[in-house]
Structure formats: C-alpha cells, structure tokens
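Sequence and predicted structure, then a few things I'm wondering about:
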Amino acid sequence: MKIRTINFSRNIVLIFAVIIWQSSLGTNAALKDFSNVTTKSLSQNGYYKLPDGLLIQWGTGGNGVNQIVYFPTSFYNTSYVVVTTAISSVMNSIVKMINGKNISYFKVYSVGPTIEAGEIFGWIAIGRWK
C-alpha cells in the first residue's frame with residue numbers, strides 16, 4: 001500500500017510539471033514591468049506603444065484657426081514630434097503650425113490665405129511613453 005501511494009504522488013507531481021511546462025511553451029509571458037507587452041488602439045485617432053518605450057500616435061483635427069488636439073494616450077514628456085497636414089480638396093497654402101505642447105495635447109494654429117469651412121487635418125506624433 002505504501003508503494004502505491006508514493007507512485008501516485010510522483011505521478012501527480014509529474015502530471016503537474018508537464019501541464020505547467022506545456023502551458024508556457026510558445027507563449028510570450030509578460031515580464032513583471034510589462035516591458036515586453038505592446039499595446040495599441042488602431043482606430044482613426046489611435047496609438048501604438050512599443051516595448052522599448054516608443055509611442056506613435058495619429059489622428060485628425062477639425063477646422064478652425066486655433067485648436068487643441070488631445071492625444072489618445074499621454075506621452076512621457078514633451079520631447080515628442082508632431083507633423084500635421086491639411087486634408088482638403090482645395091489647393092491653398094494652409095499650414096498647421098504647432099504653437100504649444102503638453103504631454104496629453106498639442107495646440108495647433110492655422111496659417112494661410114483662407115481657411116475653408118469644414119477643412120480637417122491629419123497629424124502624427126512620435127515620442128516615448130516610458
């Protein structure tokens with residue numbers, strides 16, 4: 001009877017070891033600080049956080065001369081770069097100038113001869129999230 005109990009407990013331990021070993025194969029287990037996890041929101045105004053700390057965000061803004069555009073997620077600091085472009089069917093020289101930055105938004109100013117009603121602009125920002 002004693003021999004069967006020992007064999008039974010060894011088999012249980014062996015089964016648990018195999019289950020744990022197989023469940024961890026082929027997976028990218030997250031590190032404690034989640035440094036190897038990529039998060040993203042692939043919507044019209046979205047972002048992509050890379051494990052090394054790089055953050056890429058994009059979106060569109062409305063029309064008007066002075067505007068504040070809020071990011072989908074905040075940057076770590078204000079050392080990010082924003083590039084804007086007008087989305088318009090009219091060929092005019094509208095420039096969207098950045099005139100203020102914060103970790104969660106940027107201010108944009110429209111400069112040009114005319115600003116069309118309903119004119120929107122696209123933007124992309126690249127910086128760090130950690």
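Done, it's in.

Pull up the distance across stretch 84-101, start to finish.
14 Å (CA to CA, to the nearest Å).

Could I get the buried residue list for that stretch?
For stretch 84-101, burial by neighbour count (16 or more other CB atoms under 10 Å) applies to 84, 86, 94, 96, 98, 101. All C-beta spots, glycine's among them, are computed from the backbone N, C-alpha and C.

Dig out what the second one forms beta bridges with.
With DSSP bridges as the criterion, the beta-bridge partners of residue 86 are residue 121.

Likewise for the fifth one?
On the basis of DSSP bridges, residue 98 takes part in beta bridges with residue 108.

Helices of this protein, start to end?
Along the chain, the segments classed as helices by DSSP state H run 2-23.

Output the below-cut-off pLDDT ranges for it.
1-9, 13-37, 91-93, 113-118 (pLDDT under 70).

And the strands in it, which stretches?
Taking DSSP state E as the criterion, the chain contains strands spanning 39-41, 46-49, 54-61, 66-70, 81-87, 95-101, 105-111, 120-128.

Which one of those strands lies nearest to residue 11?
Closest approach to residue 11 among the strands of the chain (CB to CB): strand 39-41, 41.6 Å.

counting contacts, what elements does the closest one pack onto?
strand 46-49 (3 or more CB pairs under 8 Å, 6 or more residues apart in numbering; DSSP states H and E).

Show me which residues of the strand it packs on are buried.
By neighbour count on 16+ other CB under 10 Å, the buried set for strand 46-49 is 47, 49.

Contacts for that strand, please.
38-42, 55-59, 71-73, 129 (CB atoms under 8 Å, 6 or more residues apart in numbering).

Quickly run through the sheet partners of it, with directions.
Strand 46-49 is paired, per DSSP bridges, with strand 39-41 (antiparallel), strand 54-61 (antiparallel).

Could you single out the most deeply buried of those strands?
Among those, the stretch with the highest mean neighbour count (mean count of other CB atoms under 10 Å) is strand 54-61, at a mean of 18.
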